[in-house]
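K.L.:
sequence below, structure please.
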Amino acid sequence: MSLDPASAVVGRDAVTIAALLCVDPCGLGGVAVHAGPGPERDAWLRFVAALMPAGAPVRRMPLHIQDDRLFGGLDLAATLHAGRIVARQGLLAECDGGLVVVAMAERITVRAAARLAAVLDTSTSVLERHGMTARSSTRIGLVALDEGMAPDEHAPVSLLDRLALRLDFGWGADEASEPSPRPWRRDDIAAARALLPHVVAGDGKQRALCAAALTLGIDSMRAPLLALRVARAHAALHGRTEVAPADAALAARLVLLPRATLLPEDLGEQSAAPPPPKPPPPDEQGGNEAESDAQAGARAAEDQVLETASAVLPAGLLGMLSSGWVGKARLRSEGRAGAPVASGLRGRPDGVQRGNPREGGRLNLIETLRAAAPWQALRRGAPEARRASVGIRVQPEDFRITRFKQRSETTTVFAVDASGSSALHRLGEAKGAVELLLADCYVRRDSVSLIAFRGRSAEILLPPTRSLARARRSLAGFAGGGGTPLATAIDATLALADATRRRGRTPVAVLLTDGGANVALDGTGGRQRAGADALHSARLMRASGIRTLVLDTSPHPQAQAHQLADEMGAIYLFLPHADAGAMSRVVRAASEAGR
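P.N.:
Numbers count the residues shown, from 1 in each chain. From the prediction side, this is the model:
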């Protein structure tokens, strides 16, 4: 079956990736497709469906699908009608031997991604609920449709690591300029599937792919294994029973390059030939002459794989590598919507649990009936009573209530050391960091507060707020200088953060100081007593469980600041030349990493 007119926009790599996926969907794991809804993506999906063997299912998995539908569960209507447990097969088991298209993969939860990853690893879906235990063969490939537009919007890394291939149409990108290779037909895919078990890869090709993965800075052990599967599938697609250098080179380009975290110098310069080897020392000439042919062949294969990959290096890849964008396992930026917290009656449903609705939970009627259905035969007693009974007997242990989760607002509390000669600089940079964090607080649902401490007291310059104008008015004209009441500052920060938490928000405390306390809690001087009070207050902060950062802004790392962070259970960062931008980035990254 040839490509239809609508699929003419699909470029060379897209056609090759579709054919490889159809040859070995379970072995390759699947494809991560980064594209917005549009004709390019729809045409590619139609092409994939046309290449799959007749009868092989290609089903779409909705984002918020329930576990009963995905993995199987109790068929409530059939169970109540038959009076015995009747199981229903899940969507994944129904797609055995086919493909599952995951819609909006960038939004699936880490829990759902972990369960899908387990299915890909074992080729089995396990049902263990409602008193039933069953295992179903689930040899599937995933097509993860990633519609994320921002750099931190992507499918979970645990799932991406198991998908061999990446396909990026981009948002509005046009690949029509690339000529399409031969239009693969369903008969070609069937022939390749039959040949695939007989395709072998020599030791040299396997070592070359492993060495290429190391050279490109890939730390995942799955990457070279998936690259080998792609090389074998490509060889079978072209009627070969042994992996050729061209197959290994294509596998390196499609599987390894998108996962690269660094590039060798020869690839970075797009060099056509590898650098000449260094001459061996005189005393090692004999050893090198005795090098085996197998080792020399493996080195030649590795060089050929890297050279071929460099010839088709995607435009812009070097820039992305230098900025750290490609291959980095970034955490999802949950700070954009606040930190997730459990909720009793409001928010997004997050499963069910056993409970009593009279205690404030919301009864989940369907799940309650599912829990009660398997026990009806025992609860009704004799067969005559079962025939006469038309109702469902529900016991208190059957009650299921719905769990909810919602995202709370995050409040960052800055406590700034405004004492000493460098107070003006520290305070100025802290004010700038507050303004930068407030600039995107409407998107992130964050609030910011500022406490300045000097002399004998700590003053709240800015209560928790999202208003940038209010922040500027409150921060203007504050002068620094005087002693360092560090213990008083920690206590004030703890009180404000604890009050924030009682209002349902998630506090993050940031302390900017060198740790040199010289004013005790009672206002008297003396470094020894002031230091002891500060450490005691730090232990109270640790006991509160509030996430805290200590930013050491002194010219050289201070042991007392590091000790303070240890007692506080805080993250210690030495930022001697921290400007407003650096501080805001550090605070934002640390806040998101803790969620």
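K.L.:
report the buried residues of stretch 75-92.
P.N.:
Taking 16 or more other Cβ atoms under 10 Å as the basis for neighbour counts, the residues of stretch 75-92 that come out buried are 75-76, 79, 85-92. Placement of C-beta: from N, CA and C, glycine included.
K.L.:
same check, this time on stretch 526-536
P.N.:
Applying a neighbour-count criterion of 16+ other Cβ under 10 Å, the buried positions in stretch 526-536 are 529-531, 533-535.
K.L.:
secondary structure, pLDDT and distance to Thr513 for the residues you listed - can I get that in CSV?
P.N.:
As requested, the buried residues of stretch 526-536 are arranged in CSV below (DSSP: H, G, I helix; E, B strand; the rest coil; pLDDT from 0 to 100; distance: Cβ to Cβ, whole Å):
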residue, secondary structure, pLDDT, distance to Thr513
Arg529, helix, 90, 17
Ala530, helix, 89, 12
Gly531, helix, 89, 12
Asp533, helix, 91, 14
Ala534, helix, 90, 9
Leu535, helix, 91, 13
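K.L.:
what residues are up against the nearest residue to Val230 once chain neighbours are set aside?
P.N.:
Taking Cβ to Cβ, 6 or more residues apart in numbering, and ignoring the residues beside it in sequence, Val230 has Ala251 as its nearest neighbour in space, at 4.2 Å. Under the criterion of Cβ atoms under 8 Å, 6 or more residues apart in numbering, the contact list for Ala251 reads 209, 227-228, 230-231, 234.
K.L.:
mind redoing it with 6 Å?
P.N.:
Neighbouring residues of Ala251 by Cβ atoms under 6 Å, 6 or more residues apart in numbering: 227, 230-231.
K.L.:
with Leu145 instead?
P.N.:
33, 103, 105.
K.L.:
residue boundaries of the strands in the stretch 51-200 of the chain?
P.N.:
Assigned by DSSP state E, counting those that start in this stretch, the strands in the stretch 51-200 of the chain fall at 58-61, 73-74, 87-88, 99-102, 124-129, 132-137, 141-146, 165-170.
K.L.:
which strand residues bridge Val126?
P.N.:
With beta bridges defined as DSSP bridges, Val126 has these partners: Arg135.
K.L.:
tell me how many other residues surround it.
P.N.:
Applying other Cβ atoms under 10 Å, we find 16 residues neighbouring Val126.
K.L.:
list of residues touching stretch 219-233?
P.N.:
Stretch 219-233 is contacted from outside by 20, 23-24, 27-28, 161, 164, 199, 201, 209-210, 213, 243, 247-248, 251, 255-256, 259, using Cβ under 6 Å, 6+ apart.
K.L.:
how much space between Arg470 and Gly217?
P.N.:
Applying Cβ to Cβ, to the nearest Å, one obtains 46 Å for the distance of Arg470 from Gly217.
K.L.:
thinking again about what came up before, dump the strands of the stretch 51-200 of the chain to TSV, plus distance to Ala377 and mean pLDDT.
P.N.:
Written out in TSV, the entries for the strands of the stretch 51-200 of the chain read as follows (distance: least, Cβ to Cβ, whole Å; pLDDT from 0 to 100):
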stretch	distance to Ala377	mean pLDDT
strand 58-61	34	93
strand 73-74	14	78
strand 87-88	16	78
strand 99-102	36	94
strand 124-129	19	80
strand 132-137	15	82
strand 141-146	40	92
strand 165-170	50	80
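K.L.:
nearest to Val157, out of these?
P.N.:
Go through the strands of the stretch 51-200 of the chain one by one with Cβ to Cβ and the one that ends up closest to Val157 is strand 141-146, at 12.0 Å.
K.L.:
which strands border that closest one, and is each parallel or antiparallel?
P.N.:
strand 30-35 (parallel), strand 99-102 (parallel).
K.L.:
between it and strand 165-170, how big is the angle?
P.N.:
Following axes from the mean of the first three to the mean of the last three Cα atoms, to 10 degrees, one obtains 30 degrees for the angle between strand 141-146 and strand 165-170.
K.L.:
rewinding a little: mind giving me JSON lines with the strands of the stretch 51-200 of the chain and columns for distance to Ala114?
P.N.:
JSON lines is the format used below for those (distance: least, Cβ to Cβ, whole Å):
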{"stretch": "strand 58-61", "distance to Ala114": "15"}
{"stretch": "strand 73-74", "distance to Ala114": "19"}
{"stretch": "strand 87-88", "distance to Ala114": "23"}
{"stretch": "strand 99-102", "distance to Ala114": "14"}
{"stretch": "strand 124-129", "distance to Ala114": "13"}
{"stretch": "strand 132-137", "distance to Ala114": "18"}
{"stretch": "strand 141-146", "distance to Ala114": "14"}
{"stretch": "strand 165-170", "distance to Ala114": "21"}
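K.L.:
could you single out the most deeply buried of these?
P.N.:
The densest packing among those, expressed as mean neighbour count by mean count of other Cβ atoms under 10 Å, is seen in strand 141-146 with a mean of 26.
K.L.:
could you dump that one to PDB, C-alpha only?
P.N.:
As requested, C-alpha coordinates have been extracted for strand 141-146 and formatted as PDB (Å, rounded to 0.1, in the frame of the first residue of the first chain):
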ATOM      1  CA  GLY A 141       4.600  -0.700  20.900                       C
ATOM      2  CA  LEU A 142       3.800   2.800  22.100                       C
ATOM      3  CA  VAL A 143       3.400   5.900  20.100                       C
ATOM      4  CA  ALA A 144       3.700   8.800  22.600                       C
ATOM      5  CA  LEU A 145       2.300  12.000  21.200                       C
ATOM      6  CA  ASP A 146       4.100  14.800  22.900                       C
END
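K.L.:
please confirm that Leu262 is located within a strand.
P.N.:
No. Inclusion of Leu262 in a strand is not indicated when DSSP: H, G, I helix; E, B strand; the rest coil is applied; the result is coil.
K.L.:
run a quick neighbour tally on it.
P.N.:
Neighbour count of Leu262, defined by other Cβ under 10 Å: 14.
K.L.:
quickly note the distance from the nearest residue to it once chain neighbours are set aside to His34.
P.N.:
Nearest in space to Leu262, with sequence neighbours left out and distances taken as Cβ to Cβ, 6+ apart, is Gly217 at 3.8 Å. Going from Gly217 to His34 by Cβ to Cβ gives 21 Å.
K.L.:
same question for Thr484.
P.N.:
According to Cβ to Cβ, Thr484 stands 51 Å off from His34.
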